[in-house]
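Colleague: Got a predicted structure here, sequence first:
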Amino acid sequence: MCRDWMISIRRACGALNFDRSTYHYTSRRPDQAGLERRIREICETRVRYGYRRVHVLLEREGWGTNIKRTYRIYRDLGLQLRNKTPKRRVRAKLREDRQTAVGPNDVWAMDFVHDQLATGKKLRVLTVVDTFSHYVPVLDPRHSYRGEDVVQTLERVCRKVGYPKTIRVDQGTEFVSRDLDLWAYAKGVVLDFSRPGKPTDNAFIEAFNGRFRTECLEGSVLIVERWILARLRNDRFFSLVDLNVRISQLLDDLNNRPMRRVGKSRRQLFEEIEREALAPLPATPFEYSEWKSAKVHPDYHVEVDKAFYSVPHRLIGRQVDVRLTSRIVEIFHDHQRVASHRRTSQRAGHVTVNEHMPKTLQHYANTTPASLIKQAAKIGRNAAILIERLMRDRPHPQQGYRAAQGVLSLARRYGPERLEAACDRALTINALSYSSVSTILKSGLDQASPVAEPVKPVPAHGNIRGSSYYQ
């Protein structure tokens, strides 16, 4: 319009009822091609990662993006995570040739071997091999393996032989778990994932597992290069303990056996050459943590491992993430830590921070069941029993604080003697509430003598022997 009608931008915008600031606006959004490329690279190697796990990796690498932007790019690239995808349709990365390990603890290879005992019970063996020295740090058999079990085994072994720079693993659920990811991030270990359906990406451990299965678990005899001979040919294992003992013996034999080309054993090479090249161990060992999801109860507590921990009362009804260690319980909401408590071993115990309470409940912050019962004992025995049962009959003692303090306040109006008598009558008729005690006092039933029920005579019957029978 400006060119055709030879008018200014102001007149053209006024004629079209168009804001001039919109015309002059220039987008300052940075180019996101690099971010898109990085998200695609992550999803090609970690095919079981959703956008939330991808966002955590981006934050670790310092991309400085928010989770909404990560989700938008993740969705636009068509990378939505599918739960049931045929293996032939899984996205795979055209991996470049991996670099050969140049030193001890440079690259480890890790995988599982599956078999069963003579009793038919399933068995899983975690195998780990150093690809540089062929040293075997651990062979750990168990009936079942989870991500936390892998972390505990690796942490135990790495405290003895050091932490590797890279561990090659496949796409198993134990290896893509959050537990192993947090451990690797904390220790600076790179998890190098194989392509789905491509076991040759981790060929070293696959070859080792083949020899281990053939020689140890199946018991057949191969040629002289095999490290397990006829000793296990007729062995049958009926328990995990027996298998662990035998594998420990075979592992020592493997690592202590001289290698023909070198003239020394794997353990000798490790002690003479490799131990000096190991990086120093961290000052503190890795502390395993477990993650759970929980909903905040109306009493602003979350239930974790049969105990209750407080959170800010504004989160009532919200879903939160809980991180548990052997000592601490941390609670997160929207990736922000909102509470931290020392873990308690008391079953159904409450751990409460006063600042988490609503203003209306902070009045009871310094109140305990023992203090209320002690205050009621000054009035009388029946008052103490009533107060104790008021809090015992509720799911949480704190829920009975208000009723207990209401009963105790009646002593100022009616006197301790009348309150003690009213508590006695309330216990007799099993009316355990503040309203019942208040009604007894208002109607004067505490001063009325209890009406004794008449004793009914024992009916005469031939089967009733009477007291004379026992004399």
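Modeller: Structure received. Numbers count the residues shown, from 1 in each chain.
Colleague: Only C-alpha atoms from now on, for both contacts and neighbour counts.
Modeller: OK.
Colleague: show me where the stretch 151-300 of the chain has strands.
Modeller: Along the stretch 151-300 of the chain, counting by DSSP state E, counting those that start in this stretch, strands occupy 166-169, 190-193, 290-295.
Colleague: Need the ones you listed in CSV (columns: distance to Gly147 and mean pLDDT).
Modeller: Output for the strands of the stretch 151-300 of the chain, formatted as CSV (distance: least, C-alpha to C-alpha, whole Å; pLDDT from 0 to 100):
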stretch, distance to Gly147, mean pLDDT
strand 166-169, 13, 86
strand 190-193, 14, 84
strand 290-295, 10, 87
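Colleague: highest average neighbour count across those?
Modeller: strand 166-169 (a mean of 22; mean count of other C-alpha atoms under 10 Å).
Colleague: Count the residues that sit near Arg275.
Modeller: 14 (other C-alpha atoms under 10 Å).
Colleague: Quick check: it vs Lys187, distance?
Modeller: 18 Å (C-alpha to C-alpha, to the nearest Å).
Colleague: Of all the strands of the stretch 151-300 of the chain, which one is nearest Ser371?
Modeller: strand 290-295 (31.2 Å; C-alpha to C-alpha).
Colleague: who does the very next helix or strand once past that closest one touch, helix- and strand-wise?
Modeller: Per DSSP states H and E, the first helix or strand lying C-terminal to strand 290-295 is strand 301-304. Contacts defined by 3 or more C-alpha pairs under 8 Å, 6 or more residues apart in numbering; DSSP states H and E place strand 301-304 against strand 290-295, strand 307-310.
Colleague: which other residues reach the longest one?
Modeller: Outside of strand 290-295, the residues within contact range by C-alpha atoms under 8 Å, 6 or more residues apart in numbering are 179, 302-304, 317-325.
Colleague: Just the buried residues out of the residues you listed, in PyMOL syntax.
Modeller: Buried residues among those (16 or more other C-alpha atoms under 10 Å), as a PyMOL selection:
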select buried, resi 179+302+303+304+319+320+321+322+323+324
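Colleague: For the contacts of strand 290-295, name the two members farthest from one another.
Modeller: Farthest apart among those - using C-alpha to C-alpha - are Asp179 and Gly317, which lie 27.3 Å from each other.
Colleague: picking that back up, what would the strands of the stretch 151-300 of the chain look like in TSV with distance to Ile385?
Modeller: Converted to TSV, the strands of the stretch 151-300 of the chain look like this (distance: least, C-alpha to C-alpha, whole Å):
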stretch	distance to Ile385
strand 166-169	63
strand 190-193	62
strand 290-295	35
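Colleague: right, and those strands - which one's nearest Ala370?
Modeller: With C-alpha to C-alpha as the yardstick, what comes closest out of the strands of the stretch 151-300 of the chain is strand 290-295 (29.9 Å).
Colleague: mind exporting that closest one as PDB, just the C-alpha atoms?
Modeller: Provided in PDB are the C-alpha atoms of strand 290-295 (Å, rounded to 0.1, in the frame of the first residue of the first chain):
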ATOM      1  CA  GLU A 290      14.800 -44.000  45.500                       C
ATOM      2  CA  TRP A 291      12.100 -41.800  43.800                       C
ATOM      3  CA  LYS A 292       8.400 -42.100  44.400                       C
ATOM      4  CA  SER A 293       5.300 -40.100  43.600                       C
ATOM      5  CA  ALA A 294       2.800 -39.100  46.300                       C
ATOM      6  CA  LYS A 295      -0.300 -36.900  46.800                       C
END
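Colleague: So for Met259, which of the strands of the stretch 151-300 of the chain sits nearest?
Modeller: strand 166-169 (24.6 Å).
Colleague: Name every strand pairing with the closest one and say which way it goes.
Modeller: Strand 166-169 has the following sheet partners, assigned by DSSP bridges: strand 107-116 (parallel), strand 190-193 (parallel).
Colleague: What are the buried residues along the longest one?
Modeller: Buried residues in strand 107-116, counted by 16+ other C-alpha under 10 Å: Val107, Trp108, Ala109, Met110, Asp111, Phe112, Val113, Asp115.
Colleague: Run through the bridge partners of the first one.
Modeller: On the basis of DSSP bridges, Val107 takes part in beta bridges with Thr166.
Colleague: Please apply the same query to the last one.
Modeller: On DSSP bridges, the residues paired with Asp115 through beta bridges are Leu123.
Colleague: follow-up on the earlier one: could you redo the helices and strands packed on strand 301-304 as CSV and give each row distance to Ser435?
Modeller: Formatted as CSV, the helices and strands packed on strand 301-304 follow (distance: least, C-alpha to C-alpha, whole Å):
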stretch, distance to Ser435
strand 290-295, 33
strand 307-310, 29
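Colleague: For Met6, see how far away Cys13 is.
Modeller: 13 Å.
Colleague: Between the two, point out the one with more neighbours.
Modeller: Per other C-alpha under 10 Å, whichever of Cys13 and Met6 has more neighbours is Cys13, with 17 against 9.
Colleague: From Thr26, how far off is that one?
Modeller: For Cys13, the distance to Thr26 - C-alpha to C-alpha - is 17 Å.
Colleague: Ok, Arg314 next?
Modeller: Going from Arg314 to Thr26 by C-alpha to C-alpha gives 41 Å.
Colleague: tally of neighbours for the nearest residue to Met1 once chain neighbours are set aside?
Modeller: Once flanking residues are discounted, Met1 sits nearest to Ala12: 6.7 Å by C-alpha to C-alpha, 6 or more residues apart in numbering. Number of residues near Ala12 (other C-alpha under 10 Å) recorded here: 16.
Colleague: Now do the SS call for Ala12.
Modeller: When states are read from DSSP: H, G, I helix; E, B strand; the rest coil, the local structure at Ala12 comes out as helix.
Colleague: For the residue nearest the centre of the chain, give its distance to Val304.
Modeller: Centrality entry for the chain: nearest residue to the mean C-alpha point is Trp291, 1.8 Å, by C-alpha atoms, centre = their mean. Plainly put, Trp291 is 11 Å away from Val304 if you go by C-alpha to C-alpha.
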